[in-house]
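K.L.:
Please work out how this folds:
(one chain, ligands or ions: 1)
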Amino acid sequence: MREYANFIQGEWVSASSGRTIESTNPATGETVATVAGSGREDVDRAVSAARERFKTWRKVPAPKRGEVLYRVGQLLMDRKEEIARLMTQEMGKVLAEARGDVQEGIDMAFYTAGEGRRMFGVTTPSEMPEKFQMAVRDPIGVVAAVTPWNFPMAIPTWKLMPAILAGNTVVFKPASDTPSVAAELVRVFADAGLPPGVLNFVTGSGTEVGDYLINHPEVDVISFTGSTETGARVVSQTAGKNKKISLELGGKNAIMVMEDADLDLAVEGILWSGYGTTGQRCTACSRLIVHEQVREPLTRKLIERIEKLKLGNGLDPDTDVGPVINTRQRDSIHKYVQIGQEEGAELLIGGEIPQGDGLSKGSFYAPTLFGNVRPDMRIAQEEIFGPVISVLTVRGLEEAIAVNNATPFGLSSSIYTQNVHRAFEAMRDVTTGILYINAGTIGAEVHLPFGGTRGTGNGHREGAAWTALDVFTEWKSIYVDYSGRLQRAQIDEFQHGA
Ligand code: UN1
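P.N.:
The predicted structure is shown next:
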């Protein structure tokens, strides 16, 4: 069994209380690791290490800060397989997907490293002579990065890398379900030569460590990805404290399938987006909005394929669908299935906690498909975060887009059509932050902005450096007057020469 400690001021240290907590394998119920069960004192130490180091890290030239990230990328490449296996054990996603999660961290490292030589600002002409002006990005200070368990590598890198590149220092608090992968990421930063105190790491519960961390007076920025409920708590708890907050919350993502679509292609995208990662992506497809003319053949094809999906341990190469993260989450998914049935939706397949070979020790849920779902049903409006897809029937593109847009969330959408006019109409009218044409709702690449509208977030975007930097930097506008006289903006008339 693995043991991990906190990482503060460049040292691996136990929680000051000496407490530990365990993370478990959702496929087997076995313990994967023990980590520090931190408390307030540990958070205080981590924040003060970050605060102290900020004084010097902000002055390190950005290209030099970026060079550390190149080394992080190289080390992640070297350790990809090892970390991916650990991720499958701790989080449950199948190995190929765990490799993809680490790959996303590698992509972030190399992309963000290069940003060290850009971090573009702005120059613009002055309205007065002999005056120069520009806007530059300044780091902000100490960033609290609070991350979820579903992408234990990729999502932390979306936050840590741009924050550090921009000259901030960080206290990183990972989800309690996946602390080992997070600790391995921290180890990579340390081995890459990141100076002590730039990245500090504390593990522990959200209510004890997370709440105290985000409210800490020395924390300037909070970057949070997780549930809508916790996101609301981040905002209400810190109200009036003027912290800069970036939230990445839920989704209720849909795939629209028009009557002209290539149905076999759509089936692949639906299975991958709805049941990949066992439906536990913020971007997972949980609604299928289908034209009435193709509803019957599409659902038939889907059911045929769902029947063949193999549940199991993600380390087994035959497994299509791994476990869900824990039994609490499994029970919450099952509750939604019951709600769907009470609301009058038709359970087409799944809807149960499977008991087959080797599944009873883990937290598995059968891939589920509901038919006859109305847009106002709870299963069509609320995020379930599990392998459950609801089929909604529409009569045309306009209705499809209206249904697609009408949820409290706005993360990812997809449309299958072979008609270029319809594709462009969707590009114009869909109101989510991400849209796929002829592909499912998942598979975002790190160099485009990641995030959503409405209840999905608070207007920020992650991943792509130039948008992530908006979270981790402040603009500073600088006016340089080299005229040697008082020049008054908005007051003095410009004198045109002869
Ligand atoms: C998430 O949906 O929780 O776009 C993150 C994707 C991945 C990241 C997903 N690159 O599917």
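K.L.:
Would you agree Ser227 is in contact with Leu249?
P.N.:
Yes - taking contacts as C-beta atoms under 8 Å, Ser227 lies within contact range of Leu249: 6.7 Å. For the C-beta atoms, the positions are set from N, CA and C on the backbone; glycine is no exception.
K.L.:
And the two? Which one has more around it.
P.N.:
The residue with more neighbours, out of Ser227 and Leu249, is Leu249; 26 against 16, by other C-beta atoms under 10 Å.
K.L.:
Can you tell me which residues in the stretch 151-300 of the chain are near the ligand?
P.N.:
Phe151, Ala154, Arg281, Cys282, Thr283 (C-beta under 6 Å from any ligand atom).
K.L.:
what does the stretch 301-450 of the chain give?
P.N.:
Ile442, Gly443, Ala444.
K.L.:
These into TSV, with extra columns for neighbour count and pLDDT?
P.N.:
Compiled in TSV, those are given as follows (neighbours: other C-beta atoms under 10 Å; pLDDT from 0 to 100):
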residue	neighbour count	pLDDT
Ile442	21	98
Gly443	17	96
Ala444	23	97
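K.L.:
Give me the subset of those lying in strands.
P.N.:
Using DSSP state E, no member of these falls within strands.
K.L.:
I'd say Ala98 and Met87 touch.
P.N.:
Yes - the pair Ala98 / Met87 is scored as a contact, 4.1 Å apart, by C-beta under 8 Å.
K.L.:
Name the residue in these two with the higher neighbour count.
P.N.:
Ranked by neighbour count (other C-beta under 10 Å), Ala98 and Met87 place Ala98 first, with 29 against 25.
K.L.:
ok, now which ones touch that one?
P.N.:
Neighbouring residues of Ala98 by C-beta atoms under 8 Å, 6 or more residues apart in numbering: Ile83, Ala84, Arg85, Met87, Thr88, Met91, Gly314.
K.L.:
Out of those residues, who's the most crowded?
P.N.:
Busiest of the contacts of Ala98 [other C-beta under 10 Å] is Met91, holding 32 neighbours.
K.L.:
That one and the ligand: what is the separation?
P.N.:
With the distance defined as C-beta to the nearest ligand atom, to the nearest Å, Met91 ends up 12 Å from the ligand.
K.L.:
cool, Thr432 as well?
P.N.:
Applying C-beta to the nearest ligand atom to Thr432 and the ligand gives a distance of 12 Å.
K.L.:
before we move on, which element is that residue in?
P.N.:
In the assignment (DSSP states H and E), Thr432 maps to no helix and no strand.
K.L.:
do Gly344 as well
P.N.:
Using DSSP H and E, Gly344 maps to neither a helix nor a strand.
K.L.:
Spit out the contact partners of it.
P.N.:
Taking C-beta under 8 Å, 6+ apart as the test, what Gly344 contacts is Asn372, Met377.
K.L.:
and the gap between it and the ligand?
P.N.:
30 Å.
K.L.:
same deal with Val234?
P.N.:
From Val234 to the ligand the distance is 18 Å (C-beta to the nearest ligand atom).
K.L.:
Is that residue in contact with Asn215, as I believe?
P.N.:
No - assessed by C-beta under 8 Å, Val234 is found out of contact with Asn215, at 9.6 Å.
K.L.:
Buried residues of stretch 441-459, list them for me.
P.N.:
Using 16 or more other C-beta atoms under 10 Å as the burial criterion, the residues of stretch 441-459 that qualify are 441-444, 446, 449-457.
K.L.:
How far off centre is it?
P.N.:
Between the centre of stretch 441-459 and the centre of its chain there are 8 Å (C-alpha atoms, centre = their mean, to the nearest Å).
K.L.:
And for stretch 204-213?
P.N.:
Distance, centroid of stretch 204-213 to centroid of chain: 19 Å (C-alpha atoms, centre = their mean).
K.L.:
And that stretch, what's buried?
P.N.:
Gly204, Gly206, Val209, Gly210, Asp211, Tyr212, Leu213.
K.L.:
before we move on, what about stretch 276-296?
P.N.:
276-291, 294-295.
K.L.:
swap in stretch 133-150?
P.N.:
For stretch 133-150, by 16+ other C-beta under 10 Å, it's 133, 137, 139-150.
K.L.:
Repeat that for stretch 374-389.
P.N.:
Buried-residue list, stretch 374-389, by 16+ other C-beta under 10 Å: Pro375, Met377, Ile379, Ala380, Glu382, Glu383, Ile384, Phe385, Gly386, Pro387, Val388, Ile389.
K.L.:
now do stretch 295-312
P.N.:
Arg295, Leu298, Thr299, Lys301, Leu302, Arg305, Ile306, Leu309, Leu311, Gly312.
K.L.:
Distance to Thr432, pLDDT and secondary structure added to these, as a markdown table?
P.N.:
Converted to a markdown table, those look like this (distance: C-beta to C-beta, whole Å; pLDDT from 0 to 100; DSSP: H, G, I helix; E, B strand; the rest coil):
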| residue | distance to Thr432 | pLDDT | secondary structure |
| --- | --- | --- | --- |
| Arg295 | 23 | 98 | helix |
| Leu298 | 22 | 98 | helix |
| Thr299 | 24 | 98 | helix |
| Lys301 | 25 | 98 | helix |
| Leu302 | 22 | 98 | helix |
| Arg305 | 26 | 98 | helix |
| Ile306 | 25 | 98 | helix |
| Leu309 | 27 | 98 | coil |
| Leu311 | 30 | 97 | strand |
| Gly312 | 32 | 97 | coil |
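K.L.:
Quick check: the farthest pair among these?
P.N.:
Arg295 and Gly312 (30.9 Å; C-beta to C-beta).
K.L.:
May I have stretch 392-405 exported as CSV, CA atoms only?
P.N.:
C-alpha atoms of stretch 392-405 as CSV (Å, rounded to 0.1, in the frame of the first residue of the first chain):
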residue,chain,number,x,y,z
LEU,A,392,-35.9,13.1,-26.0
THR,A,393,-37.7,13.2,-29.3
VAL,A,394,-38.0,16.3,-31.4
ARG,A,395,-39.5,17.2,-34.8
GLY,A,396,-36.7,19.4,-36.2
LEU,A,397,-33.5,21.3,-35.8
GLU,A,398,-35.0,24.4,-34.2
GLU,A,399,-36.8,22.3,-31.5
ALA,A,400,-33.6,20.2,-31.0
ILE,A,401,-31.6,23.3,-30.3
ALA,A,402,-34.2,24.8,-28.1
VAL,A,403,-34.3,21.6,-26.0
ASN,A,404,-30.6,21.4,-26.0
ASN,A,405,-30.3,25.0,-24.6
